[in-house]
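**Student:** Quick one: sequence and predicted model below, then my questions.
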Amino acid sequence: MNKRGRTKEDIFNVLKDRIVTLQYEPGKILNEIELSEEFGVSRTPIRTVFQQLESIKLVDIVPRYGVQVATLNFLNIKSLFEVTKVLDPLATKLAVSKLTDEDIKQLKEIVSTLETYDTTKNYQEAILLDEKFHKIVTKSCANPWLIDILTDLHCQTERLWHYCDIYFSDMEIFTRTFKKIVEAFENKDEEMAEKYDVTEFRATKYLYDEDGKFTGEIVPMWHSEAKDKVCSEIIEKYNIDIDNSYAYGDTTGDLSMLKKFGNAYTINPSKRLLEKIRNDEELSKKVNIIVERKDVIYKLKSDVITL
């Protein structure tokens, strides 16, 4: 650090916080000269920080163009949760035998505080407590590789929660699972801890024989009837409150899910799905239609004109 400047670590943490909390909106161009003047350093450490931010996918460095805050798009979000749904439960399971009484006390206090919050007034504070909850659990897993990976991934999930504040109306999105996890920690139950930190999933099955060869048989999970049956099984198994649960889809195969749950979202829906929604009076009133186009995300009504 020079006499008046900030360290690279300080600059990295400040810029990371601005990106995660959306002070820097997705797609914003970061000016190297302006930042070097703000932090009282040369352009070299700013470039180094940009490279660090790119390594955790918070910015994109585009040759001959500049540095852009990473956009939020459906495919990246999908990829993110494919990883966290595996690693978060693992960290939670490993933490069961290592959490101290003080750790568990802090986790219970977080849940109690979240239960007093109102999403219209305290959503941003809730995100910070959500991140604090995960930090305590992740640190307690005592696996340095897993801690480093999840620390970077949680920057992305926290950023997403800041972006999605308008879509949530109930603090149960945070408290429902957290209560189960704390209960598992108190009971030293590794299986329960692992189960409640991940959403159960079902997918199309491709059947293989004893020699590992594909038999040609498929148990499909892409049509609406199959998804309706599976959703009903999971609802009964976990006693899920469907009015306060969410369904996401993009094709007519997701129609039964969109109808079944209280909060329905379509992400880049097919034209045929839009037509089905328009022709269903009840569904057309509640569904949220989200469309991505480059670095812009649109929220549309069901009567949107399609060409």
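**Tutor:** The structure has been received and is ready for your questions.
**Student:** Centre of the chain to the helix or strand hosting Glu236, how far?
**Tutor:** Using DSSP states H and E, the element containing Glu236 is helix 224-238. Helix 224-238 sits 23 Å away from the centroid of its parent chain (Cα atoms, centre = their mean, to the nearest Å).
**Student:** Which stretches in the stretch 151-300 of the chain count as strands?
**Tutor:** Secondary structure of the stretch 151-300 of the chain by DSSP state E, counting those that start in this stretch: the strands cover 205-208, 214-219, 246-249, 263-267, 288-293, 296-300.
**Student:** Burial-wise, tell me which of those comes out on top.
**Tutor:** Ranked by mean neighbour count, these are led by strand 263-267 with a mean of 21 (mean count of other Cβ atoms under 10 Å). Where C-beta positions appear, they are placed from N, C-alpha and C, glycine not excepted.
**Student:** can you pull the contacts of the residue most central in space within the chain?
**Tutor:** Nearest to the mean C-alpha position of the chain, by Cα atoms, centre = their mean, lies Thr157 at 4.3 Å. For Thr157, the contact set (Cβ atoms under 8 Å, 6 or more residues apart in numbering) comprises Leu80, Thr84.
**Student:** was I right about Leu150 contacting Asp88?
**Tutor:** Yes - Leu150 is within contact range of Asp88, at 7.0 Å (criterion: Cβ atoms under 8 Å).
**Student:** Mutual contacts of the two, please.
**Tutor:** What both Leu150 and Asp88 touch, as defined by Cβ under 8 Å, 6+ apart, is the set His134.
**Student:** quick one on the thing from earlier: give me the pLDDT value at the residue nearest to the centre of the chain.
**Tutor:** Thr157 carries a pLDDT value of 89.
**Student:** for Glu194, same thing?
**Tutor:** Note for Glu194: predicted pLDDT of 64.
**Student:** Also Lys213?
**Tutor:** 69.
**Student:** for Met1, same thing?
**Tutor:** Per-residue confidence (pLDDT) for Met1: 45.
**Student:** What distance do you get for the spatially closest residue to Glu282 that is not a sequence neighbour to Leu273?
**Tutor:** In space, and not counting its chain neighbours, Glu282 is closest to Lys259: 7.7 Å by Cβ to Cβ, 6 or more residues apart in numbering. Using Cβ to Cβ, to the nearest Å, Lys259 is found at 12 Å from Leu273.
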